[in-house]
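Colleague: Have a look; sequence and predicted model below, questions after that.
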Amino acid sequence: MSDLEGKYVLALDEGTTSARAIVFDRESNILGVGQYEFPQYYPKPGWVEHNPNEIWDAQVRAFKTALEKASIKPEDIAAIGVTNQRETTIIWDKKTGEPVYNAIVWQCRRTADIVDELRKDYYDVIKEKTGLVPDSYFSGPKIKWLLDNVPGLREKAEKGEVLFGTVDTFLIWRLSGGKVHVVDYSNASRTMIFNIHKLEWDQELLEILGIPEAILPEPKPSSEIYGYTDPKVFGAEVPIAGDAGDQQAALFGQACYKPGMVKNTYGTGNFMLMNTGEKPYPSKDLLTTIAWGLNGKVEYALEGSIFITGAAVQWLRDSLKIIEVSDEVEPLAASLASNEGVYFVPAFVGLGAPYWDQYARGLIIGITRGTRRAHFARAVLESIAYLTKDVLIEMENDSGIKVKELRVDGGATKNNFLMQFQADILGTKVVRPVTQETTALGAAYLAGLAVGYWNSQEEIAKMWKVETEFEPQMDEQTREKLYAGWKEAVKRSLGWAKVLKDLGLSE
Ligand SMILES: Nc1ncnc2c1ncn2[C@@H]1O[C@H](COP(=O)(O)OP(=O)(O)O)[C@@H](O)[C@H]1O
Ligand SMILES: O=P(O)(O)OC[C@H](O)CO
């Protein structure tokens with residue numbers, strides 16, 4: 001233990017829009033934060049890419065800033081935990097480390113046709129083995145697209161000259177100076193080629209998608225020493241000891257360690273996860289996913305992935321210019337006593353759970369001559385709460401567990417109007433903790449546990465503290481009517497991109 005005295009844990013939290021790095025001490029206090037945005041590329045409607053080198057540069061700047069702000073040196077770090085936007089797919093050259101193409105981002109819909117084909121014959125096989133609903137969201141079809149579309153890549157892949165990774169894998173590979181090629185079970189469980197029961201790459205699915213196993217990383221638990229940082233990269237040799245997808249890391253950081261405990265993260269999208277313990281619960285419209293591998297066991301979660309929530313607030317700000325800064329959305333929405341019949345469905349990239357419609361597109365409905373900016377603001381915030389209710393209903397049905405409280409985190413949870421409306425529309429208590437950095441904290445805990453910086457989950461759970469509880473106040477009848485209006489609005493958004501395609505109005 002003594003060599004850990006006076007040391008800290010560093011979390012690298014690589015998200016969809018920015019790379020962050022946070023230094024934590026043993027009491028989970030934040031000592032330093034670095035955060036840098038990187039560009040988003042939209043080469044065609046529905047396509048989303050990142051440049052892996054830009055992700056890397058942002059992540060390196062972020063950890064340098066975090067260490068500087070904390071006034072500590074690289075050798076003061078006891079362990080590094082990595083957490084990441086999940087599913088985003090990178091293939092790079094094994095020798096040079098250079099990406100062969102941009103990263104295909106989780107939101108990207110370019111593989112919709114590949115997935116349509118898979119759904120016809122393999123829907124049940126995929127669901128059973130991977131726990132996922134076949135969708136363009138996941139990595140497997142993105143890998144296939146790259147192998148089919150980047151000239152010469154398939155040959156290189158077959159010869160083992162290139163490597164695949166989700167962003168965690170890519171970062172760990174670069175941090176270790178190209179020595180370590182691993183993925184943790186939680187990230188592997190988002191690829192659609194990983195068997196979540198056997199904890200191995202699934203040969204049948206690899207064959208169906210034509211993916212050579214040689215390019216895949218080694219699947220590992222979420223908390224163990226995978227290797228060490230290259231001093232040329234990090235400035236010291238430090239254990240890389242934690243890895244988890246950002247939503248699973250948030251579940252860990254929210255100390256949801258008992259079956260039935262649920263967290264909901266409000267960021268670009270919303271991701272609700274329920275810990276289901278060592279049992280993978282099957283579900284028709286939610287995902288069965290790996291929460292983490294820890295202490296020689298694997299725990300599972302049920303997940304409802306909602307693709308666009310906070311991103312719709314950004315859209316109000318950046319595209320419609322209805323607000324100048326995100327925080328203005330709250331007073332604007334609250335200036336109305338109700339939505340006055342205006343609903344918004346944020347299906348910008350289709351709809352995820354529980355609809356899984358790759359062809360749904362966004363709509364705003366109920367507009368009259370009296371509709372103002374405030375209606376847009378309110379309809380956007382309400383949509384986040386309704387989509388969350390859609391998911392919670394499925395989760396309670398699938399698990400047979402009545403959720404007592406929803407632990408929340410993420411950028412949009414500072415919006416008190418949204419949190420109160422959420423509690424009202426769910427009829428369930430919403431609990432916001434003191435520490436909002438639960439994703440980074442989860443990654444730090446996983447890394448810290450691996451090196452003995454923290455000793456147990458019980459010790460960690462004691463550090464979780466409530467900041468505000470939002471109790472439901474809406475009467476049942478109003479709740480039901482508003483929600484019924486939402487379901488009608490959603491119906492009208494489904495399949496729209498298909499309609500356009502069939503009419504020859506889009507590709
Ligand atoms: N006051 C607010 N009300 C609602 N949403 C907000 C508010 N402030 C920020 N947001 C949204 O929160 C999101 C950022 O949260 P964050 O957890 O950093 O997301 P991510 O990790 O997905 O990038 C943005 O999409 C932003 O629009
Ligand atoms: O980067 P975030 O926080 O928006 O999370 C993205 C999710 O991991 C996508 O599955």
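Modeller: Noted; the coordinates are in hand. Ligands and ions are numbered 1, 2, ... in the order given.
Colleague: Could I get the buried residue list for the longest helix along the chain?
Modeller: Identified as the longest helix of the chain according to DSSP state H is helix 373-399. Neighbour counts over helix 373-399 (16 or more other C-beta atoms under 10 Å) mark 373-392, 394-396, 398-399 as buried. No exception for glycine: its C-beta is placed from N, CA and C like everyone else's.
Colleague: for stretch 461-478, same thing?
Modeller: Neighbour-count burial for stretch 461-478, counted by 16+ other C-beta under 10 Å, picks out 463-464, 470, 472, 474.
Colleague: Please narrow these to those residing in strands.
Modeller: Judged by DSSP state E, the buried residues of stretch 461-478 include Phe470 as members of strands.
Colleague: which among the buried residues of stretch 461-478 gets closest to ligand 1?
Modeller: Phe470 (14.5 Å; C-beta to the nearest ligand atom).
Colleague: per-residue confidence for the closest one?
Modeller: Per-residue confidence (pLDDT) for Phe470: 98.
Colleague: repeat for Trp201
Modeller: pLDDT, Trp201: 98.
Colleague: Neighbours of it, how many?
Modeller: Residues lying near Trp201 (other C-beta atoms under 10 Å) number 18.
Colleague: I'd say it and Ile215 touch.
Modeller: No: assessed by C-beta atoms under 8 Å, Trp201 is found out of contact with Ile215, at 10.5 Å.
Colleague: Kindly report the residues of the stretch 251-400 of the chain close to ligand 1.
Modeller: 267-268, 310-311, 313-314, 326-327, 329-330 (C-beta under 6 Å from any ligand atom).
Colleague: hmm, 5 Å instead?
Modeller: For the stretch 251-400 of the chain, the residues in contact with ligand 1 (C-beta under 5 Å from any ligand atom) are 267-268, 310, 313-314, 326-327, 329.
Colleague: What of the chain?
Modeller: 15, 17, 267-268, 310, 313-314, 326-327, 329, 410-412, 415.
Colleague: So which of these wins on neighbours?
Modeller: Neighbour counts for the residues of the chain next to ligand 1, by other C-beta under 10 Å, peak at Val313, which reaches 28 neighbours.
Colleague: Surely that one is within a helix?
Modeller: Yes: under DSSP: H, G, I helix; E, B strand; the rest coil, Val313 falls within a helix.
Colleague: Quick one, grab the pLDDT at it.
Modeller: The per-residue pLDDT reported for Val313 equals 96.
Colleague: in terms of contact, does it touch Ser326 like I think?
Modeller: Yes: contact criterion C-beta under 8 Å: Val313 and Ser326 qualify, at 5.4 Å.
Colleague: Might you report the residue contacts of Val182?
Modeller: Shown in contact with Val182 (C-beta atoms under 8 Å, 6 or more residues apart in numbering): 169, 172, 217-220, 226-227, 243.
Colleague: Over to Ala66?
Modeller: Residues counted as contacts of Ala66 (C-beta under 8 Å, 6+ apart) are 10, 21-23, 32-34.
Colleague: Give the rounded mean pLDDT of stretch 84-102.
Modeller: 97.
Colleague: And that stretch, what's buried?
Modeller: Using 16+ other C-beta under 10 Å as the test for burial, stretch 84-102 gives 84-92, 94, 97, 99-102.
Colleague: Pull the distance from that stretch to the chain's centre.
Modeller: Centre-to-centre, stretch 84-102 and its host chain are 18 Å apart (C-alpha atoms, centre = their mean, to the nearest Å).
Colleague: Quick one: end-to-end length of that stretch, please.
Modeller: 17 Å (C-alpha to C-alpha, to the nearest Å).
Colleague: For the residue in the chain positioned nearest to ligand 1, report the pLDDT, please.
Modeller: Taking C-beta to the nearest ligand atom, ligand 1 has its nearest neighbour within the chain at Gly411, 2.0 Å off. On the pLDDT scale, Gly411 is placed at 90.
Colleague: wait, doesn't it sit right on Gly310?
Modeller: Yes: under the criterion of C-beta under 8 Å, Gly411 makes contact with Gly310 at 5.7 Å.
Colleague: Among the contacts of Val182, which ones are in helices?
Modeller: Judged by DSSP H, those include 169, 172 as members of helices.
Colleague: List the buried residues of stretch 490-498.
Modeller: Of all the residues in stretch 490-498, those buried under the rule 16+ other C-beta under 10 Å are 490, 493-498.
Colleague: try stretch 330-350
Modeller: Residues 330, 332-334, 339, 342-350 are the ones in stretch 330-350 that count as buried (16+ other C-beta under 10 Å).
Colleague: Of these, which belong to strands?
Modeller: Judged by DSSP E, strands contain the following of the buried residues of stretch 330-350: 343-345.
Colleague: sorry, back to before: tell me which two in the contacts of Ala66 are the farthest apart.
Modeller: Farthest pair in those (C-beta to C-beta) is Leu10 and Val33. Separation: 11.0 Å.
Colleague: ok, the two, which is more surrounded?
Modeller: Per other C-beta under 10 Å, whichever of Leu10 and Val33 has more neighbours is Leu10, with 32 against 18.
Colleague: what touches both of Gly411 and Gly310?
Modeller: 266-267.
Colleague: Just the pLDDT at the residue of the chain most remote from its centre, thanks.
Modeller: Ranked by distance from the centre of the chain (C-alpha atoms, centre = their mean), the top residue is Arg369, with 38.5 Å. Per-residue pLDDT puts Arg369 at 97.
Colleague: do Met1 as well
Modeller: Taking Met1 on its own, its pLDDT is 47.
Colleague: what does Leu153 give?
Modeller: pLDDT, read off for Leu153, is 97.
Colleague: Skipping its backbone neighbours, what lies nearest Ser335 in space?
Modeller: Leaving aside its sequence neighbours, Ser335 sits nearest to Ala374 (C-beta to C-beta, 6 or more residues apart in numbering; 5.0 Å).
Colleague: can you list the residues of the stretch 301-450 of the chain near ligand 2?
Modeller: By C-beta under 5 Å from any ligand atom, no residue of the stretch 301-450 of the chain approaches ligand 2.
Colleague: can you give me the helices in the stretch 301-450 of the chain?
Modeller: 310-318, 329-334, 373-399, 416-426, 438-451 (DSSP state H, counting those that start in this stretch).
Colleague: Then the stretch 151-300 of the chain?
Modeller: For the stretch 151-300 of the chain, the helices defined by DSSP H, counting those that start in this stretch occupy 153-158, 167-175, 185-188, 203-209, 231-234, 246-253.
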